[in-house]
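Novice: coords please:
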Amino acid sequence: MDPRDSGVIQETAEALLARKDTAGLRCVLLAVSEAAALSTFDQLGAALDCDPEWMTTAGADRLVQQLHELTADESPGVREEARRILSGLRPREQWARDSDDDSL
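Specialist: Reported below is the predicted structural model:
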């Protein structure tokens, strides 16, 4: 992780997330947990936050399932990052209520 070459960091994170598997997500969460420079943390966070796959129902379901798996990971950093992300997600039931409220 070279804070002077943040483009490579973000591209690598995006490629790992594009795999759509737990191993790729784990690598990114591990990198986030070990990021020493704020710019590195920001680039990894942007890759996580802006993954268009997670805007679909199937992608969001896969993300939640993978994050739940990673809360039991052997790495404390991965476990903590998975828990942090899960704590910020809204349950699907809340999305449905928000959609119903918008239609009124």
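Novice: which helix or strand contains the residue nearest to T71 when sequence neighbours are not counted?
Specialist: With CB to CB, 6 or more residues apart in numbering as the measure, A82 is the residue that lies nearest to T71, at 4.8 Å, once sequence neighbours are left out. Quick note: C-beta positions are derived from backbone N, CA and C, even for glycine. Using DSSP states H and E, A82 falls within helix 76-87.
Novice: quick one: that helix to chain centroid distance?
Specialist: If you compare the mean C-alpha spot of helix 76-87 with that of the full chain, they lie 9 Å apart, counting by CA atoms, centre = their mean, to the nearest Å.
Novice: for the most centrally placed residue in the chain, give me its contacts.
Specialist: Most central residue of the chain, judged by C-alpha distance to the mean C-alpha position with CA atoms, centre = their mean, is L48 at 4.0 Å. L48 is in contact with 13, 17, 28, 32, 85, counting by CB atoms under 8 Å, 6 or more residues apart in numbering.
Novice: how about 7 Å then?
Specialist: Neighbour list for L48: V28 [criterion: CB atoms under 7 Å, 6 or more residues apart in numbering].
Novice: how far away is it from S39?
Specialist: Distance of L48 to S39, computed by CB to CB, to the nearest Å: 15 Å.
Novice: what's the neighbour count on the closest residue to E81 other than its chain neighbours?
Specialist: The spatially closest residue to E81, leaving aside those adjacent along the chain, is L29, at 4.1 Å (CB to CB, 6+ apart). The burial count assigned to L29 is 27, neighbours taken as other CB atoms under 10 Å.
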